[in-house]
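Participant: quick one, fold the following:
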Amino acid sequence: LDIGIDEAFHAECLRRLRGGEERRHGLLLYGLVKALAPRCVVDVGTGRGYTAVVMAKALEDAGVEGRVFTIDYVGNNEPRDWHVAKQPKTDPAWGRLVSRRELLAPFADLVERRIVFLTGRSRDMIPRIEGKVDFAFIDASPAYKDIVTDIRLLVRRGAEECHLSFDGFDPTNEYWIVPG
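Facilitator: Here you go, the predicted model:
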């Protein structure tokens, strides 16, 4: 999938922020953000920071003066295991607790210029975002009520042309978006 992302940059993102696991959603998000050129991007569910960094890179490559507002209940300096037991031993976080800030260190300049970290629940953080939301990626709680709440809040905060995207789903996951 050739969408114009710097291959060395993306390889380092995958290595540090995904444990080497290649998933196409980052490339898809990069392509969408670069093509749509939004000014205000929201990333619900920061995790290790992969999608936030990829979307920030897309803003830069598109020459857009935009920012990525990324939301997670885990703060940047909190050491975590990041579910690395399922990752290969080559994962930089494998076998130790590491903070998101440490994982993002190679991308510090881009992070400083383009990413705003909001720590807390998305329902509390989305109303604090500055400006109208042009693009959002929702990849946090799989609970139906949380996803619907995020959608409602983002639509209220949305620009006239607001694009919402979601992480893929697993129909075998009992927690997916089925109301109970």
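
Participant: show me where pLDDT drops low in the protein?
Facilitator: Residues of the chain meeting the criterion pLDDT under 70: 1-2, 20, 23, 83-88, 168-180.

Participant: how about the strands in it?
Facilitator: Along the chain, counting by DSSP state E, strands occupy 40-44, 67-72, 115-119, 133-138, 158-166.

Participant: of the ones you listed, which approaches Arg96 most closely?
Facilitator: Among the strands of the chain, strand 67-72 comes nearest to Arg96, with 19.9 Å by Cβ to Cβ. To be clear about C-beta, it is placed using only N, CA and C from the backbone, and glycine gets the same treatment.

Participant: show me what that closest one is packed up against.
Facilitator: The contact analysis (3 or more Cβ pairs under 8 Å, 6 or more residues apart in numbering; DSSP states H and E) places strand 67-72 against strand 40-44, helix 50-62, strand 115-119, helix 122-125.

Participant: which residues are contacting that strand?
Facilitator: By Cβ atoms under 8 Å, 6 or more residues apart in numbering, the list of residues contacting strand 67-72 from outside reads 39-47, 49, 51-52, 55-56, 59, 114-120, 122, 125-126, 129-130, 140.

Participant: which of those residues are buried?
Facilitator: Among the contacts of strand 67-72, those buried by neighbour count (16 or more other Cβ atoms under 10 Å) are 40-47, 49, 51-52, 55-56, 59, 114-119, 122, 125-126, 129, 140.
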